[in-house]
Each structure stands twice: as C-alpha cells, then as structure tokens.
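>>> Need a 3D model of the sequence below.
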Amino acid sequence: SSILQFYILTYHQEIDNKQDMYRYTTIQDILDRDHIKIMTQCLNFNKSLLESYRAYNGNYLMKQDYNSVMKLDQFQSIYDKMIQERSYLKDLFLHPDFCKSIILHEADFMKTVSQMMIHHNIPHLCNFDAIYTSYKNISTTIDIFYSLSLSKFNRSIYIDYDKVLYSSLI
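Numbering: from 1, shown residues only. Here you go, the predicted structure:
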C-alpha cells in the first residue's frame, strides 16, 4: 500500500497512514483484501472506471480465475463504496499521472533509506517499495525509516515486514 501511504503522508496529514489501506468496512463481505488490492492498483493506473474495470477483469482472466471476474455495475458499486468510505481517495483514483508522481516521491524516499543503510554499513537489497536485509539489521533499518519519515513528513511511516520469516530466524 505504499502509493496510498505516501499519498496520505504527503497530502493528507489528518488521515491515519498506519491503517490497512486494503481493508474497508463497507465492502469486507464483498471482496477480500487481495481483490481490493488488485482493484486499487487498477484504479490507480487507469484514467476511467471502464479502463480500471477492464484491467481488473483482465488480470483474473489471464489467471483463469473466472470466479473473480465481475460485472461493470458490481465494480461501479464497489468503487462507490470505497470512495464513500474514504472520500480522500477520489483525488488519487483514476488519475494515473498523479499516481506516477507519488511513485517518484516514494522512489526518492527509498533511495534515501538505501543511502542511509549504506552509511551504516547495512547490507541490503532494494526492490521497489521493499528493502531486504538480515534479521540482525531489522531494528536499525526500521529506525532509519522512522527518522527519515519524521524529517520528511513530521510523522512516522508505517513499516511492515514478514514476521513469520523473521521469527523463524530467531
């Protein structure tokens, strides 16, 4: 949910950036988190609801997941509920150029995180909105994220990591 979080951190200081961006109370019984994530990505990178709808269904048709394909009126209804619950997303959804600009902010932030990790001699691998590092460096890595976030946004960024993977390394 990095695009959504960076959007909130940059443009909506009043919104909680530590919420699960793919959980909605109004549609939790209609779509699960994974489907909402795909729908959100389609809404972020297409200029119209029809294009988003086609991209969403195309994703599942390619995977031959015919149970996930939906009709346009259902897609429209879910979109309306998403916007009703989080009206601030109306400025982001269906504006792909704006989403791309947020990705550039995110990339700049992640580049700075990587530079700080190099400065602290922390081996790592960057991959878009993820950084991979060893378990022994996770605390320092999180501190770097928090300190850079506080200096850039005046609040801490939400960091999530694979707790199952790391717990197996303890």
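>>> need the next SSE after the helix or strand hosting residue 77, C-terminal direction.
Assessed by DSSP states H and E, residue 77 sits inside helix 72-85. Going down the chain from helix 72-85, the next helix or strand is helix 96-119, by DSSP H and E.
>>> avg pLDDT for that following helix?
Helix 96-119 carries an average pLDDT of 96.
>>> which parts of the helix holding residue 77 are buried?
For helix 72-85, the neighbour count (16 or more other CB atoms under 10 Å) marks 75, 78-79, 81-82 as buried. Placement of C-beta: from N, CA and C, glycine included.
>>> can you list those residues in JSON lines and add distance to residue 7?
Converted to JSON lines, the buried residues of helix 72-85 look like this (distance: CB to CB, whole Å):
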{"residue": "75", "distance to residue 7": "22"}
{"residue": "78", "distance to residue 7": "20"}
{"residue": "79", "distance to residue 7": "17"}
{"residue": "81", "distance to residue 7": "19"}
{"residue": "82", "distance to residue 7": "14"}
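>>> Can I get those residues in a markdown table including pLDDT and distance to residue 133?
A markdown table is the format used below for the buried residues of helix 72-85 (pLDDT from 0 to 100; distance: CB to CB, whole Å):
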| residue | pLDDT | distance to residue 133 |
| --- | --- | --- |
| 75 | 98 | 39 |
| 78 | 98 | 37 |
| 79 | 98 | 37 |
| 81 | 98 | 38 |
| 82 | 98 | 34 |
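>>> How far away from the center of its chain is the helix holding residue 77?
A distance of 19 Å separates the centroid of the chain from that of helix 72-85, by CA atoms, centre = their mean, to the nearest Å.
>>> Which strands and helices lie in contact with it?
With contacts taken as 3 or more CB pairs under 8 Å, 6 or more residues apart in numbering; DSSP states H and E, helix 72-85 sits against helix 33-44, helix 49-62.
>>> unless I'm mixing things up, residue 21 is touching residue 4, no?
Yes. Residue 21 is in contact with residue 4 according to CB atoms under 8 Å; the separation is 4.1 Å.
>>> between the two, what contacts are shared?
By CB atoms under 8 Å, 6 or more residues apart in numbering, residue 21 and residue 4 have these common neighbours: residue 40.
>>> what angle sits between the helix holding residue 77 and helix 33-44?
Here helix 72-85 runs at an angle of 90 degrees relative to helix 33-44 (axes from the mean of the first three to the mean of the last three CA atoms, to 10 degrees).
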